[in-house]
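Trainee: This is a predicted model, with the sequence first.
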Amino acid sequence: MYARVFLALLVLAGAAGAGEYRDSTGFSLRVPDGWRVIPDRRTGRIEISGTGGEQAAIWPVFVRQRLDARSAPAVLRKLAPAGVGWREPQAAAAAALRIRGRAGGREHLAILTWASSSKGNAVFLYTASAPQTLYARTAATFAGIFASFRVAASNPALALRWVRWRDPRENAFSIEVPEGWKTQGGLFRFASVDTRGAWETVSPDGAIRVAGGDPELPTFTEPNQMLMMAGFREGSWYSPGYGVRMMVRRYLPGALFSREYAAARGAPGCADVRIAETRERPDAVAALNAIYAQQMGGLGVSIALAAGESAFTCRGPAGPMNGYYFAGTQRVQSAGMPGGIWNAEYLCGFLASPDKTALAQAVMHHILGSIQINPQWAAMQQNITASTSRIVSRTSAEISNITASTYWNRQRVMDEIDRRRSNAILGVVDVVDPVTGRELKVENGSNYYWIDQRGTIAGTDTDTRPNLDFRELIARP
């Protein structure tokens, strides 16, 4: 029961495949095994390092000046690493330049790409370097990394203000929740060694519910011959002592548990729950099991974790709702003991109206990345060791990076692809009126779009408004 205290305070809500890195700030890329990705949350710069001295970086920059074939080379030289003997920049595409150089026995490459908008230019600088003896065979690797780089849609949770909510029961943990949302939960103590953490936060309009853990979920013990001989059959309750009560139940892997939980308890107040997708998450299992293996090895305890997730829809009091639940069920066996015990060690999800689904997922992700365990409480808690605290810290960091590929997020991406494809076919572009918030479709072909008080829309090639009655519309990407 080492990590039982932290039941469901952590969750895996999406993950990357082998060699794929997904970051909580909203980007993903693929790197070879053993390579490190170190993002700088303050500047947005992403550092990548290989196993043989290879180095790369991706740096998003906003440039207000207008970029074209004449001005871009100067910007590239200014942003490229200093101290390198750079050659002349070369055009790589309509809005891309590359430059090569050499310094200190290393080959260097810098690539500048940009996309213009009415406010300026969104610029990405890609740099790569490697020892001269490695560069030729590493160039394809660098190209693959840069080609795999993806930036997710803007995070709708960025507009929220966050406050830290502390467990009111034992001050065992704290999380960041949106200001003004109703939050409840805490650490529920059923026995000295049976503690269950849970939390729930609900938006002021009731359209979003995000939750982690469930204090009503007990620890389960698998049926075995000894229990059956003593009269404890599946569905009955068994106590090993110390005030702990376990339910006798066959083990359920994470995917099946998430499906069952979503249908039975994941949609309070909803009717007609329909599972849209259930899938296993072996990628999540690999990440956490590696941590457990390092921290729990040699203790005579075998831990097996199976993860899965389910997306669902249901009918709420105010209309249709979308939902999601992740479950990581952990099975623990002690050397020489029959059967094992298991529990839903990781459990988290959300329920939201269709128009708030992206926000619900973003809020869930932010909360997961904000979890903090109170070290004073951990030190006082019997049977909670320093190794457990390290496990929680490391799994929290691991989990906060794996939150981009849920069913609803993939649906949102597909909707965005459909929008752009439709606009390309129709020859239109989406713009937003910053005053009213209204989104409009206008004929493509201009660099700037304007609207006056009567609703007349005009397009221009320069940033000069047609007259004082017009205000600028913001073009969506």
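Mentor: Arrived safely, thanks for sending.
Trainee: Surely residue 205 is within a strand?
Mentor: No. If the criterion is DSSP: H, G, I helix; E, B strand; the rest coil, then residue 205 is coil and not within a strand.
Trainee: measure it to residue 182 for me?
Mentor: Note on residue 205: its distance to residue 182, by CB to CB, to the nearest Å, is 11 Å. (C-beta placed from N, C-alpha, C; glycine too.)
Trainee: In space, what's closest to residue 453 - neighbours in sequence excluded?
Mentor: The spatially closest residue to residue 453, leaving aside those adjacent along the chain, is residue 469, at 6.2 Å (CB to CB, 6 or more residues apart in numbering).
Trainee: I am assuming the one you found contacts residue 455, so please confirm or correct that.
Mentor: No. Under the criterion of CB atoms under 8 Å, residue 469 is not in contact with residue 455, lying 11.3 Å apart.
Trainee: Which of these two has more residues huddled nearby?
Mentor: Taking neighbours as other CB atoms under 10 Å, residue 469 and residue 455 compare with residue 469 leading, 12 against 9.
Trainee: ok, residue 205 and residue 182, which is more surrounded?
Mentor: Neighbours of residue 205 and residue 182, each counted by other CB under 10 Å, are more numerous for residue 182; the result is 12 against 9.
Trainee: Was I right to think the more buried one contacts residue 202?
Mentor: Yes. Contact criterion CB under 8 Å: residue 182 and residue 202 qualify, at 4.9 Å.
Trainee: Okay, now the unreliable bits of the stretch 101-250 of the chain?
Mentor: 117-119, 152-155, 157-158, 242 (pLDDT under 70).
Trainee: could you pull out the helices for it?
Mentor: 132-148, 225-229 (DSSP state H, counting those that start in this stretch).
Trainee: quick one, which of those helices is packed in tightest?
Mentor: Relative to the other members of the helices of the stretch 101-250 of the chain, helix 132-148 carries the highest mean neighbour count by mean count of other CB atoms under 10 Å, namely a mean of 15.
Trainee: which helices and strands does that helix pack with?
Mentor: Applying 3 or more CB pairs under 8 Å, 6 or more residues apart in numbering; DSSP states H and E, we find helix 132-148 packed against strand 27-30, strand 55-63, strand 106-117, strand 120-131.
Trainee: Dump those into a markdown table; add mean neighbour count as well.
Mentor: Listed next are the helices and strands packed on helix 132-148 as a markdown table, based on neighbours: other CB atoms under 10 Å:
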| stretch | mean neighbour count |
| --- | --- |
| strand 27-30 | 19 |
| strand 55-63 | 17 |
| strand 106-117 | 19 |
| strand 120-131 | 20 |
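Trainee: want to try CSV for the ones you listed, with distance to residue 266 as columns?
Mentor: Listed next are the helices and strands packed on helix 132-148 as CSV, based on distance: least, CB to CB, whole Å:
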stretch, distance to residue 266
strand 27-30, 27
strand 55-63, 37
strand 106-117, 40
strand 120-131, 39
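Trainee: Go through those and name the closest to residue 307.
Mentor: Closest to residue 307 of these is strand 27-30 (CB to CB; 18.9 Å).
Trainee: mind listing what that closest one pairs with, with the direction of each?
Mentor: strand 20-22 (antiparallel), strand 150-151 (antiparallel) (DSSP bridges).
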